[in-house]
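S.K.: one predicted model, sequence on top.
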Amino acid sequence: MPDPDAAIPVLTGAALAQGIAFLYGQAAELLRLRREDKATQHNSLKVPEVFEPLDRAMTPDLTVLDERAHDLRMLLQITQPYTTRPIADLNGADETLRYCLGHIREALEEVYSTRFDFTGERRAPHVRQNIRNIRGSTTGIKIRGATANTSGEVIQQVKTVHHGGELTGIDIDLRR
């Protein structure tokens, strides 16, 4: 059974419909651009009000898109029936829907190297770094003035750390 805690928050009504439409639509658009070999274009995403606004134009990472394309296609097949339901028939607690949308969002976040947070959602910081060479100091996440239960996730793939180089995943300072 899918783990709803690993997915999106429980949404209702128009917020749920907007979330489905955006995540499903953006994933479908990326796959279309990939098929047409047009995915290198800059994509100015306009996110619906249910999401926190984005502060920059987005460019998809084609390597990540290639890696995630199969998963996205499968998730879209499962999610497609939800896209045509009336708002009144959508159930924000539906575990399959939340699981699929959560994984579509996760894939989109990897492809665009940005977060798609729902308005008011509080998620732990998450960073994915693919680095060829480290010659100086590199840190995935720095958090200052954190509380004792602050957490985050850092996934780092590094080819070479040169002499004198330093790699830190999370640097948390609890001092205020």
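M.R.: Good, I have the coordinates. Numbering: from 1, shown residues only.
S.K.: which SS state does the spatially most central residue of the chain fall under?
M.R.: In the chain, the centroid-proximal residue (CA atoms, centre = their mean) is E109; its distance is 2.6 Å. What DSSP: H, G, I helix; E, B strand; the rest coil gives for E109 is helix.
S.K.: so it is in contact with R123, correct?
M.R.: No: judged on CB atoms under 8 Å, E109 makes no contact with R123 at a distance of 10.3 Å. Just so you know, the C-beta spots here come from the backbone N, C-alpha and C atoms, and that holds for glycine as well.
S.K.: list residues touching both of the two?
M.R.: R115 (CB atoms under 8 Å, 6 or more residues apart in numbering).
S.K.: distance of the residue nearest to the centre of the chain from G92?
M.R.: Counting by CB to CB, to the nearest Å, the gap from E109 to G92 is 20 Å.
S.K.: this structure: helices as residue ranges?
M.R.: Using DSSP state H, the helices found in the chain span residues 13-35, 62-79, 95-112.
S.K.: which other helices and strands does the last one contact?
M.R.: Helices and strands touching helix 95-112, as assessed by 3 or more CB pairs under 8 Å, 6 or more residues apart in numbering; DSSP states H and E, comprise helix 13-35, helix 62-79.
S.K.: can you list those helices in a markdown table and add distance to P48?
M.R.: Shown next, in a markdown table, are the helices and strands packed on helix 95-112 (distance: least, CB to CB, whole Å):
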| stretch | distance to P48 |
| --- | --- |
| helix 13-35 | 4 |
| helix 62-79 | 17 |
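S.K.: next up, phi/psi of the nearest residue to R123 once chain neighbours are set aside, please.
M.R.: Once flanking residues are discounted, R123 sits nearest to D117: 6.2 Å by CB to CB, 6 or more residues apart in numbering. D117 adopts backbone torsions of phi -90, psi 140, taken as degrees, to the nearest 10.
S.K.: could I get the contacting residues of D117?
M.R.: By CB under 8 Å, 6+ apart, the neighbours of D117 are 51-52, 123.
S.K.: would you check that T114 makes contact with M58?
M.R.: Yes: using CB under 8 Å, T114 is in contact with M58, at 6.5 Å.
S.K.: where in the protein is pLDDT low?
M.R.: Scanning the chain for pLDDT under 70 picks out 1-7, 39-44, 126, 146, 148-151, 175-176.
S.K.: take the contacts of D117 and write them to TSV, including neighbour count and distance to R132.
M.R.: Converted to TSV, these look like this (neighbours: other CB atoms under 10 Å; distance: CB to CB, whole Å):
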residue	neighbour count	distance to R132
F51	21	32
E52	14	31
R123	11	28
